[in-house]
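>>> Predicted model and sequence below, questions to follow.
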Amino acid sequence: MAQFVLEVLDGDRQGDVVSLAASHRIGRRPGNDVVIADEKASGVHAEVVKDGDRYVLRDLGSTNGTMLDGRRVTEVVLNPGDIFMVGRVRIVFRDLDAASPAVGAVDDPSMAMVRIDTSRLQTARPKSSVALLLSLLLAAGAAGGYVWWRGQQPVGEAVVAIGAKGPLEVDKNRLRFGACEEEQGWNLRFAGSGFQLTGMANTGSGGFAAVNKEQQTDFAVATTSEELSVLPNRTVQVAAHVRTEGAARVAVRLHFFSSLEANPFHFRSGTMLQESESWARIEAIVAVPPDADRCRVELVAALPTGGAVKVDDVAVLDGPAGGELLQRKPEEAASTILSTGSSVVIRSMDKEEPAVLLGILPGAAPPGLEGLFEQGLLTFSDLGKKLAVECDARSCTATAEGVETLQLLFTADSANSLMVLGENGFSSTAAASEYRTDMLLLGDRATRCLVMLPAKTDLKGKLANGQFRLTVAAPQVLMVLGFRKERQAAQELLRSARENAQRGQKGLALDQVRELSSKLPHDVELMVQAATLRSDLQAEIAEIVRQLGKDLDDAEFFSTRGGFDRSARGLEDLRRRFSEANLPDPAVIELLYARATDHLAKLDQQRSAEERERLQRMAESFDQAQKAALAKLVREYVTRHLPGGN
């Protein structure tokens, strides 16, 4: 009975073989039977389905289509040897029992072997058939002594024929330009003074060098210009041969990130900065973070004056099981820690507030490492220090040993709604500024984090390289990432404010909205709703003020005391019902009230003058009638009740 399989010919899964059962789906999403880490592949791209004694390839509405023999297909019957493409990855449909030649077989019979890597064969059924077992044995036999010889080589070590010349060839190196013989494939001047080609090499005819002559930048960074595809939760090994001079130090690292522009995730890990007077191999094995599907290699050099670094034979390999695995917190915790000891990323597990801390770095650098510090490339391990992070159900605590300050890295968007706790609650603060507080809230809909300190501490914010860097003058910080309790309190306060507004108690409603904004601003969506309610209530107040202003204009035109009086009493009532903090424009209301009361005062003065003049004429009439007592009585009334006359 024929045993059909799918073999992946390209990409990070090159050599993987999947035994076909009834149906297999292929795509970029983790739930597929064959996961393809290629941005040209759709989430669920295609499927291979058994139809009787044949297999059918179906495209599942993919964006870029499924290709067979250079043409786009929707549904086609597969024949053994057919090669189809999902994104940019080739997959061959094989019959293991057929004596078909291997793809890419070599001419030298002593080096010939079956292309299928039987150790990577994945069966779709619990029990393998006898035919499959025989096929595996035949494939292993076809490999002959070559496979045995390869198996004796250590992982990542050189595989070179005796007497060969030229660059070191690293078995299964995914980095095409790892020989460092030319600049192609590299951005040698990525940062600092950069690297350059040199004739000094570990193997071959050349390598890369970074040198600090007098008054030059004290660091250099080179990076691969091409991205490598990686699969989350697998391990990757990065290695290089290095040599240093004059107290210079060098590290080789992997920079993981997501191909999705909307995902701000970045994670760096690798070797620490180290010296080596002669050529030495440095390497690190790290796990691919859950949110990453791409990575680049970074060569990082610390260059004191007169220092030099040489790099050659860079390799990126699929790492073995284990290695420097990332720590993960259980589901009941508020966050997940991704840490390798030198790099830390914290992600909240609260779907409503998915906070993201891009990293925690030393808050200051010793002499000679300032350049790397400014680039955000200085780690605790480079200083010989350690950083410990622990999380509970609501928060994470980061504690550094041997340093006095920490630098927290967030996305630049996190600084858009930065709030600092002061004597009157939380208030908005400019990101690029200095503040002294024991509690700071930052983030928007993408990130949210409350930074808490044991006591009031100096903090400094800075925006650089698409990040918000928060320097804290303390070796320990508590970061609250879950705000369910605060969210519930804010929801209750907002509900009460809405009810009071409907009952006409708009002043109380505005007071409650202001309390929410100053004491419970943890939930961005509730803050937006509270701001909307505040805006609606202030719009009603503004309309009342507008109408009172119109009444005042009419009163001035007709010079009616009643109009001035209504305007003044209306404005005075607004000031009594609403505090100045709740009024949309207190200065305008104050000016209108001053206008109304000034007119009233002038009218009252005019009326008093007229009354005083009338009574004075009356007193004079009493004098002429020789009624002195009545004249005196009138004059006393004027003096007592209508002062200001002559």
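Sure thing, it's come through.

>>> What strands flank the helix or strand containing residue 421, and is each parallel or antiparallel?
Using DSSP states H and E, residue 421 sits within strand 419-422. Strand 419-422 sits in its sheet next to strand 425-428 (antiparallel), strand 434-443 (antiparallel), going by DSSP bridges.

>>> Now do the helix or strand encompassing residue 513: which elements does it pack against?
Here residue 513, judged by DSSP H and E, is contained in helix 506-519. Using 3 or more Cβ pairs under 8 Å, 6 or more residues apart in numbering; DSSP states H and E, the elements in contact with helix 506-519 are strand 425-428, helix 484-502, helix 524-558. C-betas here are computed from N, CA, C, even on glycine.

>>> Buried residues in it, which are they?
Across helix 506-519, burial judged by 16 or more other Cβ atoms under 10 Å covers 506, 507, 508, 509, 510, 511, 512, 513, 514, 516, 517, 519.

>>> Pull the residues that contact that helix.
Contact with helix 506-519 is made by 424-427, 490, 493-494, 496-498, 500-501, 526-527, 530-531, 533-534, 537-538, 540-541, 577-579, 581-582, as judged by Cβ atoms under 8 Å, 6 or more residues apart in numbering.

>>> and what of stretch 549-560?
Taking Cβ under 8 Å, 6+ apart as the rule, stretch 549-560 contacts 561, 562, 563, 564, 566, 567, 570, 592, 595, 596, 599, 603.

>>> How about stretch 69-80?
The contact list for stretch 69-80, computed with Cβ under 8 Å, 6+ apart, reads 4, 48, 51, 54-59, 65-68, 82, 84, 93-95, 98, 100.

>>> at 6 Å what do you get?
54-59, 65-66, 68, 93-95, 98 (Cβ atoms under 6 Å, 6 or more residues apart in numbering).

>>> how about the residues you listed in TSV, adding distance to residue 638 and pLDDT?
Formatted as TSV, the contacts of stretch 69-80 follow (distance: Cβ to Cβ, whole Å; pLDDT from 0 to 100):
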residue	distance to residue 638	pLDDT
54	120	86
55	117	89
56	114	90
57	112	92
58	108	91
59	105	89
65	103	89
66	106	91
68	113	87
93	117	90
94	120	87
95	124	82
98	128	59
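
>>> Can you say which of those are buried?
Here, 16+ other Cβ under 10 Å leaves 55, 57, 58, 59, 65, 66, 68, 93, 94 buried among the contacts of stretch 69-80.

>>> Show me the two of those that sit farthest apart.
Greatest spacing in the buried ones among the contacts of stretch 69-80, by Cβ to Cβ: 65 and 94 (22.7 Å).

>>> Now do residue 41: how many residues are near it, please.
26 (other Cβ atoms under 10 Å).

>>> Residue 437 now?
Neighbours of residue 437 using other Cβ under 10 Å come to 18.

>>> Please apply the same query to residue 466.
There are 11 residues near residue 466, going by other Cβ under 10 Å.

>>> Kindly report the same for residue 24.
Around residue 24 there are 19 residues (other Cβ under 10 Å).

>>> Quick check, it in contact with residue 44.
No - with contact defined as Cβ atoms under 6 Å, residue 24 does not count as touching residue 44 (11.7 Å).

>>> hmm, back to that, nearest to residue 443, of the helices and strands packed on helix 506-519?
helix 524-558 (7.5 Å).

>>> Give the bridge partners for residue 46, please.
Beta-bridge partners recorded for residue 46 (DSSP bridges): residue 26, residue 59.

>>> And what about the nearest residue to residue 443 once chain neighbours are set aside, helix, strand or coil?
Take residue 443 and drop its neighbours on the chain: the residue closest to it by Cβ to Cβ, 6 or more residues apart in numbering is residue 414, 4.8 Å away. Counting by DSSP: H, G, I helix; E, B strand; the rest coil, the backbone at residue 414 sits in helix.

>>> Give me the pLDDT for residue 414.
pLDDT for residue 414: 79.

>>> Tally up the residues packed near it, please.
26.

>>> Kindly report the same for the one 10 residues further on.
Burial of residue 424, expressed as a neighbour count using other Cβ under 10 Å, amounts to 8.

>>> what pLDDT does it get?
On the pLDDT scale, residue 424 gets 82.

>>> which non-adjacent residue is nearest it?
residue 518 (6.5 Å).

>>> What's the separation between that neighbour and residue 537?
Relative to residue 537, residue 518 is positioned 17 Å away (Cβ to Cβ, to the nearest Å).

>>> Below-threshold pLDDT in the stretch 401-550 of the chain: ranges please.
Scanning the stretch 401-550 of the chain for pLDDT under 70 picks out the ranges 444-447.
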